[in-house]
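Enquirer: build me a model:
(2 chains)
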Amino acid sequence: MKILVCISKAPDTTAKIAFTDGDTKFDESGVQFIVNPYDEWYALVRGLELKEANGGSVTVLNVGGADSDPVIRKALAIGADDAVRIDAETTDALYVAKQITNYAKEQGYDMILAGKETIDYNGSQVAGMVAELMDAPYVSLSSKLDMNGNTATIEREIEGGVEVIEVNTPFVLSAAKGMSEARIPNMRGIMAARSKPLTVVPASEGSNSTVVKGFTLPAAKSGCKLVDSAEELVDLLHNEAKAI
Amino acid sequence: MADDRFEAPDYYQLDDLLTDEHKLIRDTVRAWVKAEVSPIIEEYAQKAEFPSQIIPGLGEVGGFGPYIPAEYGGPGLDQISYGLIMQELERCDSGLRSTSSVQSSLVMYPIWKYGSEEQKQKWLPKLATGEFMGCFGLTEPDHGSNPSGMITNFKDMGDHYLLNGAKMWITNAPIADVAVVWAKNEEGRIHGLLVERGMEGFTTPETHDKWSLRASITGELVFDNVKVPKENLLPGKSGLGAPLGCLDSARFGIAWGAIGAAMDCYDSALRYTKERIQFGVPVASFQLTQKKLAEMITEITKAQLLTWRLGVLREEGRATSAQISMAKRNNVDMALKIAREARQMHGGMGITGEYPIMRHMANLESVVTYEGTHDIHLLITGMDVTGIPAFMNDGSQLKNL
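Expert: Modelled structure (predicted):
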């Protein structure tokens, strides 16, 4: 079973968010990056579990610059066999999807797994675009994945219930909570990651097709206000917050 | 205890001094501690019990002999990695770090450095996983800061050694499969012996009623005519320098560990005083609170820099025992003062198990005493800069000047 897991780097959840270049670029100075949790906890770990049960290999792929290497090494420490980084500066999903597809289409993967979204830009687009570009079936927001030969049984949480889908390989899937439990690497894995191959591939032709015109932060939260009576609360909600 | 919301302070961007692998190792241990130990540590400290179920996980994340090479079952990490692991363990609890640093620096280190090949193959791989636990016997009831006065001794009986004596304040003693015991031979020379659980005449009674390191197990080692096979003597080094070499490694780890405890106290105090409202404003908005927080982060940052530099020197094999002494003394003293200030800043909540502060504070009272007391380390630095030893007060050491 040949499995490709797409991973992104994302700011640590405690990072202070600020922008530069006229509020068009995320300010990465002093920010710690992690493997995007949906990619790591669900897509990667489930991929590893399937490999451990059925044999095969798990390759992690990242589209990004050399500053992605630390998060790629973490994925290798958790258990991926090898890694590919497509050397590109990315700003839009279609460009990333084309880079992944151009690399993956000749490799014969049985499945391509990714998290349902990144925790920074929350695009939720890349996996679906890869499926389209590869002419492969796509199952989004999956919470369970089991394999029986070449057939996958996948569960998706839908409004008020669960949808169960069967699909044959090859397919593309985006993983959500429930797919697996996060794994903490061990020291042996960290040491093994030193010698696992990380292949850097030049970006294929193409360019970003969208331009970010600006980011804005939500308004700062005002302090907590304590009120003494229900009447005062109703008055404030009506006249000040204009919520009722 | 409340959820572990720890965020590590890095005021001088010292992460830039670490490699990506250092950061991965540190973050891995931090994640393991938050997931596996933080939720239970307060309960175990309260009931004065060692959470033995964490031993396999502690081995997995490199808590046992991180610098031991792969050929003996260790991960073969560098000294800064060892330090960072100790920092993250003590960030949770000094007792957790004590369990780890005793196994690493006081059991695996002497077997690795002074042991025979057979001893290394027999003990190190299983000590690295936690399948075997070990302890280290140097301190005696009447000989703490003066270990060379020890009375534990062994006689050569031809086909074995006969060991007699007692050791106390021994971390891990009641659960140890093997004890690295320092004892004098008939000529008064100090040697290391590997005393194994089950040897006749060897007992390890537990020390009860501690107010400190309550989640770590402590005991005595009692040797009553214990027959020790001759192949259990560590052949590679003898004399007081042998155990002191182990203590260099352990004290290096403690210097890093103390930063972890200080960071946890600071982080908790910062969060608490920003959230706690008095007189209609956060407690953190008062000048006296800010003075304390500012001094805490300054001292932590200085200790981080001191310790990082010590790590580089130790990795290069250039760190002296006196330099290690300075870092151990400075950092533990710094952590203890921060814990005491943080205790006050948490108000009444600071005395409860809801916050880790008083547990850290009580733990650090042991850490400032063991592995060389605060005062003895001052004398080591004093001797290093003056050339005059001041450990004894009869003046005899001055005659040779």
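
Enquirer: going by C-alpha atoms from here, please, whenever you check contacts or count neighbours.
Expert: Fine.

Enquirer: how near is the residue in chain A sticking out farthest from the centre to B:R30?
Expert: Distance from the C-alpha centroid of chain A, by C-alpha atoms, centre = their mean, peaks at A:E231 (47.2 Å). Distance of A:E231 to B:R30, given as C-alpha to C-alpha, to the nearest Å: 48 Å.

Enquirer: show me what contacts B:E200?
Expert: Counting by C-alpha atoms under 8 Å, 6 or more residues apart in numbering or on different chains, B:E200 makes contact with B:V226, B:K227.

Enquirer: just to check, A:F171 is in contact with A:Y138?
Expert: Yes. If you go by C-alpha atoms under 8 Å, A:F171 and A:Y138 touch, sitting 6.0 Å apart.

Enquirer: which neighbours do these two have in common?
Expert: Joint contacts of A:F171 and A:Y138 (C-alpha under 8 Å, 6+ apart) are A:A131.

Enquirer: can I get the one helix or strand the residue farthest from the centre of chain A maps to as PDB, trimmed to CA atoms?
Expert: If you go by DSSP states H and E, A:E231 is part of helix A:230-235. Below are the C-alpha coordinates for helix A:230-235, written out as PDB (Å, rounded to 0.1, in the frame of the first residue of the first chain):
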ATOM      1  CA  ALA A 230     -30.800  42.100  35.200                       C
ATOM      2  CA  GLU A 231     -32.300  45.500  34.400                       C
ATOM      3  CA  GLU A 232     -28.800  47.000  33.900                       C
ATOM      4  CA  LEU A 233     -27.800  44.100  31.700                       C
ATOM      5  CA  VAL A 234     -30.800  44.500  29.500                       C
ATOM      6  CA  ASP A 235     -30.200  48.200  29.300                       C
END
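
Enquirer: so what's the residue count around B:G130?
Expert: By other C-alpha atoms under 10 Å in any protein chain shown, 21 other residues sit near B:G130.

Enquirer: list the contacts of it.
Expert: B:I55, B:P56, B:L58, B:G59, B:F64.

Enquirer: could you pick out the buried ones from these?
Expert: Using 16 or more other C-alpha atoms under 10 Å in any protein chain shown as the burial test, the contacts of B:G130 include B:I55, B:L58, B:G59, B:F64 as buried.

Enquirer: sec struct for the last one, please.
Expert: Meaning B:F64. Assigned by DSSP: H, G, I helix; E, B strand; the rest coil, the conformation of B:F64 is coil.

Enquirer: mind checking how far it is from A:I72?
Expert: B:F64 is 26 Å from A:I72, by C-alpha to C-alpha.

Enquirer: and A:A152, backbone torsions?
Expert: phi -100, psi 140 (degrees, to the nearest 10).

Enquirer: need the contact list for it.
Expert: A:L145, A:D146, A:E166, A:V167, A:N168, A:T169.

Enquirer: closest one of those to B:Q121?
Expert: A:D146 (42.3 Å; C-alpha to C-alpha).

Enquirer: so that closest one, which state does it fall into?
Expert: Quick answer, by three-state DSSP: A:D146 is strand.

Enquirer: for it, list each beta-bridge partner.
Expert: A:T153 (DSSP bridges).

Enquirer: pull out the buried positions in whichever helix in chain A runs longest.
Expert: Longest helix of chain A, by residue count under DSSP state H: helix A:93-104. For helix A:93-104, burial by neighbour count (16+ other C-alpha under 10 Å) applies to A:A93, A:L94, A:Y95, A:V96, A:A97, A:K98, A:Q99, A:I100, A:T101, A:N102, A:A104.

Enquirer: ok, and what's touching that helix?
Expert: A:61, A:63, A:86, A:90, A:123, A:125-127, A:129-130, A:133-134, A:203-204, A:206-209.

Enquirer: just the buried ones from those residues?
Expert: So, of the contacts of helix A:93-104, A:L61, A:V63, A:I86, A:Q125, A:V126, A:A127, A:M129, A:V130, A:L133, A:M134, A:A203, A:S207 end up buried under the neighbour-count rule (16+ other C-alpha under 10 Å).

Enquirer: next, format these as a markdown table and append pLDDT.
Expert: Output for those, formatted as a markdown table (pLDDT from 0 to 100):
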| residue | pLDDT |
| --- | --- |
| A:L61 | 98 |
| A:V63 | 97 |
| A:I86 | 98 |
| A:Q125 | 95 |
| A:V126 | 97 |
| A:A127 | 97 |
| A:M129 | 97 |
| A:V130 | 98 |
| A:L133 | 97 |
| A:M134 | 97 |
| A:A203 | 95 |
| A:S207 | 85 |
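
Enquirer: low-confidence regions, chain A specifically.
Expert: Within chain A, the stretches with pLDDT under 70 are A:222-223.

Enquirer: would you map the helices across it?
Expert: Ranges of helices within chain A are A:37, A:45-54, A:69-78, A:93-104, A:126-134, A:187-193, A:230-235, based on DSSP H.
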